[in-house]
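A.B. asks: Only the shape, not the letters, is given here:
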């Protein structure tokens, strides 16, 4: 089989890596940076630390600190308008997935007319970018710093769409994640795990993605509870930062499938945090492919630390692996659909939208139509209470 794999941008990784930012901005010929982040990054003092380092290096700075969850398109337009008004020549995104996706989209608007929705993948809008973009994650989950998609919430249609913009440089500094609360650490960790398991079970996998995704599974399972128990555990935080980064590289090539289709729809309909929605789907993603990918199912189980008899069937191994994930979910207080006050009927009603709004669902190893997805959603509901 012939496959294609890539890495979109260089990555500077490790504790203290953010100290290299100012030098890298200058290497990219940046003279005025627009720094984009949310109020959580501001409250943690991370944005002040970064903007001060830029100022001290003689780099002018403008800031946009109004990032909202799920990156609404009108908010992105405000960030893009500020980039134009400030005549910034480099964008720096700092934060979780919404901040990084906002930065990607705002960097498009820095050089192209508003609004951002005209550049959605679904609309086929064309644009050109020449000015650089640096992304600095402060959570360990999305991998957005090394993926091409910026996921934007269209406030008019209440759908999620994408703008394709890769960063020119990613800086992944695990020290920036030390203050992330337990709840966010858990949810973002499951986001990374879902990226790995979905990318390993698509119909367009490749050798690089296979290696990366299995390592991500091991890293998350061995470090997520540790980081939740002790946020200051730098070794665990470093391993989770690496897991998130590697998972982003993997799914950028191998894609995702029904888990993220459901998660996107749950996010829009129920305003559910993305990582929590992803967590709920992971056990069923594992079980779903066991009949058509038995060897992959066994490798997933081994990567998750599951012991199983040599004579066990793939379906049995899939059940054991799913149970292991559910146990971790319970330990880290991931709420079930029922615990969130969502009825089975309301959850199942998301099936058609999940398919209609997320064409990547076709990357699943088996065809999925609305009735099949309703069954999967019912399994999510019934099997984790």
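C.D. replies: That came through fine. Given the structure is predicted, the values throughout are model-derived calculations rather than measurements.
A.B. asks: what's stretch 120-129 in contact with?
C.D. replies: With contact meaning Cβ atoms under 8 Å, 6 or more residues apart in numbering, stretch 120-129 is reached by 107-108, 110-112, 117-119, 152, 154, 161-165. Where C-beta positions appear, they are placed from N, C-alpha and C, glycine not excepted.
A.B. asks: Just those residues: which are in strands?
C.D. replies: Among these, the members found in strands (DSSP state E) are 152, 154, 161, 162, 163, 164.
A.B. asks: Generate a ChimeraX selection restricted to the buried entries among those residues.
C.D. replies: Applying 16 or more other Cβ atoms under 10 Å to the ones in strands among the contacts of stretch 120-129 leaves a buried subset, and the ChimeraX line that selects it is:
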select :152,154,161,162,163
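A.B. asks: Please dump the ones in strands among the contacts of stretch 120-129 into a markdown table; it should also carry distance to residue 177 and pLDDT for every row.
C.D. replies: Below are the ones in strands among the contacts of stretch 120-129 laid out as a markdown table (distance: Cβ to Cβ, whole Å; pLDDT from 0 to 100):
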| residue | distance to residue 177 | pLDDT |
| --- | --- | --- |
| 152 | 24 | 96 |
| 154 | 30 | 95 |
| 161 | 28 | 93 |
| 162 | 25 | 95 |
| 163 | 26 | 97 |
| 164 | 27 | 97 |
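A.B. asks: ok, the ones in strands among the contacts of stretch 120-129 vs residue 333, which is closest?
C.D. replies: residue 152 (29.5 Å; Cβ to Cβ).
A.B. asks: now that closest one: how far from residue 260?
C.D. replies: Going from residue 152 to residue 260 by Cβ to Cβ, to the nearest Å gives 15 Å.
A.B. asks: Just to check, residue 350 is in contact with residue 377?
C.D. replies: Yes: using Cβ atoms under 8 Å, residue 350 is in contact with residue 377, at 6.7 Å.
A.B. asks: Surely residue 63 is within a strand?
C.D. replies: Yes: judged by DSSP: H, G, I helix; E, B strand; the rest coil, residue 63 forms part of a strand.
A.B. asks: how close does it get to residue 48?
C.D. replies: 10 Å.
A.B. asks: ditto for residue 135
C.D. replies: Relative to residue 48, and taking Cβ to Cβ, residue 135 is found at 19 Å.
A.B. asks: more crowded one of these two?
C.D. replies: residue 135 (29 against 12; other Cβ atoms under 10 Å).
A.B. asks: just checking, residue 257 touches residue 205?
C.D. replies: No: judged on Cβ under 8 Å, residue 257 makes no contact with residue 205 at a distance of 11.1 Å.
A.B. asks: Settle it for me: which of the two has more neighbours?
C.D. replies: The neighbour count for residue 257 versus residue 205, taken as other Cβ under 10 Å, is higher for residue 257 (28 against 23).
A.B. asks: which residues sit in contact with that one?
C.D. replies: 198, 201, 202, 285, 360, 361, 362, 363, 364, 365, 368 are the contacts of residue 257 under Cβ under 8 Å, 6+ apart.
A.B. asks: The nearest residue to it once chain neighbours are set aside: neighbouring residues, count only.
C.D. replies: In this structure, residue 257 finds its nearest non-sequential neighbour in residue 364, 3.9 Å apart by Cβ to Cβ, 6 or more residues apart in numbering. Using other Cβ under 10 Å, residue 364 has 24 neighbouring residues.
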